[in-house]
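S.K.: let me see the structure of the following:
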Amino acid sequence: MSLPPLVEPAAELTVDEVRRYSRHLIIPDVGMDGQKRLKNAKVLCVGAGGLGSPALMYLAAAGVGTLGIVEFDEVDESNLQRQIIHSQADIGRPKAESARDSVLGINPYVQVNLHQERLEASNVFDIFSQYDLIVDGTDNFATRYLVNDACVLLNKPYVWGSIYRFDGQASVFWSEHGPCYRCLYPEPPPPGMVPSCAEGGVLGVLCGSVGAIQVTEAIKLLAGIGDPLVGRLMIYDALEMRYNQVKVRKDPDCAVCGTNPTVTELIDYEAFCGVVSDEAQAAAMGSTITPKQLKEMIDDGENLDIIDVREPNEYEIVSIPGSRLIPKNEFLMGAALQDMPQDKKIVLHCKTGVRSAEVLAVLKSAGFSDAVHLGGGVIGWVNQIEPEKPVY
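M.R.: Numbering: from 1, shown residues only. So this is what the prediction gives:
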């Protein structure tokens, strides 16, 4: 369905701007009016990572007049495989500042506002209220639900995207004209059920494919052209090079945008999404060791069974000496329990400690009360014990 333009046109384009945007101006559907609307638009990108990188660059190139960037992280070498807005020279810099410099290098006529802070319930209304449209490039469920609920309560549209390995999704959520994110996903998945990109990986170029879709939808909304992805979910399979669409209907019983909403103000989204399950938190209480403690146990010759619960490809990158690999799913399915030793102290670990805490809960419930897990995982081990090894 076509929607009216989201913003009013700016008064004029300068001679330099006419030259810069000439390929837009000769498209009848965009023209001078559409480009003036882009110039007058204020768009906020939540995140300057995998999706935020192509989104910010193409929004800047398209001539969106004001771009906001919400980002609190720093550029890491592992980002460069997909976060093309940053370069080797930016490693260690705040991502927001690196992204700003790249944006201005593309288009000096853009105003860039930096919000170098973590997006939370305490600041989201103040930040979002400054913009016409939100582009969500986040990679965790707690922030996704926060973005959605804030946009519904502020009656703002936002363009959503998601990436994982070879798969991407994109949609436009605007409760005034269609469904919201909660209509599609009323509840978050159980903690640990859906791996993050940091755990499962992502094809770098997939970010560009999905980010470009997000910017296309943003331009359509701002200029009032075409048929936006409101009420439709775009699904992209990069391995098969196939796009599919699924219709998404507004849920009259939706907790936030339904007829009788139960969520009328922002909530505790970390608790709602259960970043780590209650069972895992309980299991880890008093059963978490540090990398230095594990090193001492190894040096003292303690009888240990050090079990890595990551995936085989992760194990190939870096591993703790003496560890053996049993992926997390084998514990969840119960297959690994019969091979657990009764005469050794079991030490579990993963990349950062989240997956191993979940497995620890499984072992505790199976009677292995002395089992422990490594806080900080392999990353903590490398940083503290073997800094010469690679991290990912």
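S.K.: would you map the helices across the stretch 51-200 of the chain?
M.R.: Here the stretch 51-200 of the chain has its helices, by DSSP state H, counting those that start in this stretch, at 52-62, 95-106, 124-128, 141-154, 181-184, 197-200.
S.K.: how near is residue 71 to residue 97?
M.R.: Distance of residue 71 to residue 97, given as CB to CB, to the nearest Å: 9 Å. Quick note: C-beta positions are derived from backbone N, CA and C, even for glycine.
S.K.: so for these two, which sits in the more crowded spot?
M.R.: Higher neighbour count among residue 71 and residue 97: residue 71, with 26 against 18, using other CB atoms under 10 Å.
S.K.: surely the more buried one touches residue 116?
M.R.: Yes - using CB atoms under 8 Å, residue 71 makes contact with residue 116 at a distance of 6.7 Å.
S.K.: between these two, which contacts overlap?
M.R.: 94, 96 (CB atoms under 8 Å, 6 or more residues apart in numbering).
S.K.: how many neighbours does the closest residue to residue 391 other than its chain neighbours have?
M.R.: Leaving aside its chain neighbours, residue 391 sits nearest to residue 382 (5.2 Å; criterion: CB to CB, 6 or more residues apart in numbering). Residues contacting residue 382 under the criterion other CB under 10 Å number 19.
S.K.: phi, psi for residue 382 please.
M.R.: Dihedral pair for residue 382: phi -60, psi -40, per degrees, to the nearest 10.
S.K.: mind listing what it touches?
M.R.: Applying CB under 8 Å, 6+ apart to residue 382 gives the contacts 318, 389-391.
S.K.: need the buried ones from those selected in ChimeraX.
M.R.: Entered in ChimeraX, the line below selects the buried ones among those, by 16 or more other CB atoms under 10 Å:
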select :318,391
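S.K.: mind giving me CSV with the contacts of residue 382 and columns for secondary structure and distance to residue 376?
M.R.: Shown next, in CSV, are these (DSSP: H, G, I helix; E, B strand; the rest coil; distance: CB to CB, whole Å):
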residue, secondary structure, distance to residue 376
318, coil, 14
389, coil, 14
390, coil, 16
391, coil, 11
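S.K.: make TSV from the contacts of residue 382 and add pLDDT and distance to residue 288 to it.
M.R.: Below are the contacts of residue 382 laid out as TSV (pLDDT from 0 to 100; distance: CB to CB, whole Å):
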residue	pLDDT	distance to residue 288
318	94	21
389	91	22
390	88	25
391	83	20
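S.K.: nearest to residue 135, of the contacts of residue 382?
M.R.: Using CB to CB, residue 391 is the member of those that lies nearest residue 135, at 29.5 Å.
S.K.: surely that closest one is in contact with residue 352?
M.R.: No - counting by CB under 8 Å, residue 391 sits too far from residue 352 to count as a contact (10.6 Å).
S.K.: joint contacts of those two?
M.R.: Common neighbours of residue 391 and residue 352 (criterion: CB under 8 Å, 6+ apart): 378-379.
S.K.: quick one, what contacts the closest residue to residue 42 other than its chain neighbours?
M.R.: Excluding its sequence neighbours, the residue lying closest to residue 42 (CB to CB, 6+ apart) is residue 66, at 4.1 Å. Contacts here follow CB under 8 Å, 6+ apart; on that basis residue 66 touches 41-43, 110-113, 131.
S.K.: which of those residues lies closest to residue 51?
M.R.: Nearest to residue 51 among these, counting by CB to CB, is residue 43 at 13.6 Å.
S.K.: over to the closest one: give its phi and psi.
M.R.: Phi and psi for residue 43, reported as degrees, to the nearest 10, are phi -120, psi 130.
S.K.: do I have it right that it meets residue 67?
M.R.: Yes - counting by CB under 8 Å, residue 43 touches residue 67, with 5.8 Å between them.
S.K.: poorly predicted segments of the stretch 101-250 of the chain, please.
M.R.: Flagging of the stretch 101-250 of the chain using pLDDT under 70 yields the residue ranges 191-193.
S.K.: quick one, strands of it?
M.R.: Here the stretch 101-250 of the chain has its strands, by DSSP state E, counting those that start in this stretch, at 111-115, 133-136, 158-164, 167-173, 232-237, 242-247.
S.K.: parallel or antiparallel, which strands does the first one pair with?
M.R.: When you say that, I think you mean strand 111-115. strand 66-70 (parallel) (DSSP bridges).
S.K.: the last one now?
M.R.: For strand 242-247, the pairing partners within the sheet under DSSP bridges are strand 232-237 (antiparallel).
S.K.: what's residue 106 in contact with, if anything?
M.R.: Residues in contact with residue 106, defined by CB under 8 Å, 6+ apart, are 57, 60-61.
S.K.: from these, list just the buried residues.
M.R.: Buried members of the contacts of residue 106, counted by 16+ other CB under 10 Å: 57, 60.
S.K.: which of the contacts of residue 106 sits closest to residue 197?
M.R.: Once CB to CB is applied, the member of these that ends up nearest residue 197 is residue 57, at 19.5 Å.
S.K.: about what we covered before: only the buried subset of the contacts of residue 66, as a PyMOL command please.
M.R.: In PyMOL, a selection of the buried entries from those looks like this (16+ other CB under 10 Å):
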select buried, resi 41+42+43+110+112+113+131
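S.K.: now the contacts of residue 66 as a markdown table including distance to residue 244?
M.R.: Conversion of the contacts of residue 66 to a markdown table gives the following (distance: CB to CB, whole Å):
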| residue | distance to residue 244 |
| --- | --- |
| 41 | 30 |
| 42 | 33 |
| 43 | 27 |
| 110 | 34 |
| 111 | 38 |
| 112 | 35 |
| 113 | 36 |
| 131 | 31 |
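S.K.: wait, which of the contacts of residue 66 is closest to residue 160?
M.R.: For these, the nearest to residue 160 is residue 43 (14.0 Å; CB to CB).
S.K.: what kind of secondary structure is the spatially closest residue to residue 323 that is not a sequence neighbour in?
M.R.: Of all residues not flanking residue 323 in the chain, residue 306 sits nearest, at 4.2 Å (CB to CB, 6+ apart). Look at residue 306: counting by DSSP: H, G, I helix; E, B strand; the rest coil, its state is strand.
S.K.: next up, phi/psi of the residue most central in space within the chain, please.
M.R.: Residue closest to the average C-alpha location in the chain (CA atoms, centre = their mean): residue 139, at 1.1 Å. Main-chain torsions, residue 139, degrees, to the nearest 10: phi -130, psi 20.
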